[in-house]
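In: The sequence and its predicted three-dimensional model are supplied below.
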Amino acid sequence: MMSKEVVVSGIRPTGFLHLGNYFGAMRNYVRMQDDYDCYFFVADQHSLTTHPDTTALRNSVLRVLAENIACGLDPDKVALYVQSDVPETAELYLYLNMLAYKGELEKTVTFKEKVRLQPDNVNAGLLTYPVLMSADILIQRAVKVPVGKDQEQHLEMARNFADRFNNRYTEVFPLPQPFNFGNTLTKILSLDGNGKMSKSENQMATIYLADEDEMIRKKIMKAKTDSGPVEANAVKPGYIENLFTLMNITSDTATISKFEQDFNTCIIRYGDMKKQLAEDMIRFITPIREKANDIQNDQAYLDKIMKQGAAKARARASETLRLVRKAMRFS
Ligand code: TYM
């Protein structure tokens, strides 16, 4: 039997999951779980770059785990774990750091963004963030990494570090590729039309899987639109395209084609479209939110999942570390 390809991906527990995380990552995780050997984790160590309160961080870790399961991930099929439960990653991070250059790290888009956002806390962990991320991926010798568009550059760096390691020592790592069903990586925009939907920017323009019905309605009704297209079959502005993208997971095909047609014939009423989207979104999110609440309250179940996931992740990680040390003549 051919062995399944190895897949790794992680989500930072900086808050609850939002629709960007769902589209860019979670949806692909769920679709990959039967056909690949999957390792999905909550990146709690990555969150330390912003110096969070670690008691609150622990709660976020549990919430994100619960949301992963509520979205359809089966912890008996995939290894679902917490990054800090796999200490093997830290050793690989050390070795990869010797192969990562200050200049390339400083040029990383996410690093430059963080320097702008937190000028008083430009720590070394922030600079080497892509190295830790590479270690997460390479410690499992993954070939596919389901992520959103914003992680593309980090993946390119992971391939560079892997390649340098292979060339300097012995070939240990396959070169990991970013993955999305369909050809391009996804970027969900913020509902106010400014940049990507994210945990740290405008909260009212970010829809969380934990949002209550009224909040979802409020956020969607406030989403940026305009006075509508003035010529038939016009190209959609990004913020309008984004509403259609969201509709794609929540609404039935008849509804979507009705609004597509209305757009193409210039009779679209964005107020109506948003009302419809809000109701469909509520129908989509409510069961996830409720299921995540139940799971989050079941501490014994979550403990069991974390233990089981960590055991599976550590088994493969220590095998990789053995190969790495051998390649480096350490043992
Ligand atoms: P994070 O926690 O910021 O986001 C988790 C996943 O959600 C995707 N995503 C989006 N996709 C589309 N549109 C958006 N607006 C949007 N916002 C977020 C991200 O691309 C990501 O796939 N560095 C990673 C965490 C990480 C990781 C890893 C990922 C650590 N180690 C190893 C993969 C492999 C991050 O900060 O993702």
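Out: Ah, there it is.
In: and Arg159, how many neighbours does it have?
Out: 18 (other Cβ atoms under 10 Å). Backbone N, C-alpha and C define where each C-beta goes, glycine included.
In: residues from this protein in reach of the ligand?
Out: 8-12, 20-21, 23-25, 43, 46, 133, 136-137, 145, 147-148, 150-151, 186-188, 196-198 (Cβ under 6 Å from any ligand atom).
In: Doesn't Gln45 belong to a helix?
Out: Yes: remark: Gln45 belongs to a helix, assigned using DSSP: H, G, I helix; E, B strand; the rest coil.
In: Wait, it touches Gln83, no?
Out: Yes: contact criterion Cβ atoms under 8 Å: Gln45 and Gln83 qualify, at 4.9 Å.
In: Find the residues that touch each one of these two.
Out: Taking Cβ atoms under 8 Å, 6 or more residues apart in numbering as the criterion, Gln45 and Gln83 both touch Thr89.
In: more neighbours, those two?
Out: Gln83 (24 against 20).
In: Please read off the pLDDT at that one from the model.
Out: pLDDT recorded at Gln83 is 98.
In: ok, it touching Tyr39?
Out: No: taking contacts as Cβ under 8 Å, Gln83 lies outside contact range of Tyr39: 10.8 Å.
In: Shouldn't Gly178 be within a strand?
Out: Just so we're on the same page, residue 178 is Pro rather than Gly. Yes: assessed with three-state DSSP, Pro178 lies in a strand.
In: Now for the spatially closest residue to it that is not a sequence neighbour, how many residues are close by?
Out: By the measure of Cβ to Cβ, 6 or more residues apart in numbering, the closest residue to Pro178 outside its immediate chain neighbours is Leu155, 4.5 Å from it. By other Cβ under 10 Å, 21 other residues sit near Leu155.
In: And Lys224, by the same measure?
Out: Neighbours of Lys224 using other Cβ under 10 Å come to 18.
In: So what does it have for phi and psi?
Out: phi -70, psi 130 (degrees, to the nearest 10).
In: my guess is it contacts Glu241, does it?
Out: No: counting by Cβ under 8 Å, Glu241 is not a contact partner of Lys224; they are 11.8 Å apart.
In: Tell me where the stretch 201-331 of the chain has helices.
Out: Ranges of helices within the stretch 201-331 of the chain are 213-221, 238-250, 253-264, 270-296, 299-327, based on DSSP state H, counting those that start in this stretch.
In: Mean pLDDT and distance to Gly182 for these - can I get that in CSV?
Out: Converted to CSV, those look like this (pLDDT from 0 to 100; distance: least, Cβ to Cβ, whole Å):
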stretch, mean pLDDT, distance to Gly182
helix 213-221, 98, 24
helix 238-250, 94, 11
helix 253-264, 97, 16
helix 270-296, 97, 20
helix 299-327, 98, 28
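In: could you dump those helices to CSV with distance to Asn166 and mean neighbour count?
Out: What follows is those, written out as CSV (distance: least, Cβ to Cβ, whole Å; neighbours: other Cβ atoms under 10 Å):
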stretch, distance to Asn166, mean neighbour count
helix 213-221, 46, 16
helix 238-250, 38, 17
helix 253-264, 46, 14
helix 270-296, 40, 17
helix 299-327, 9, 17
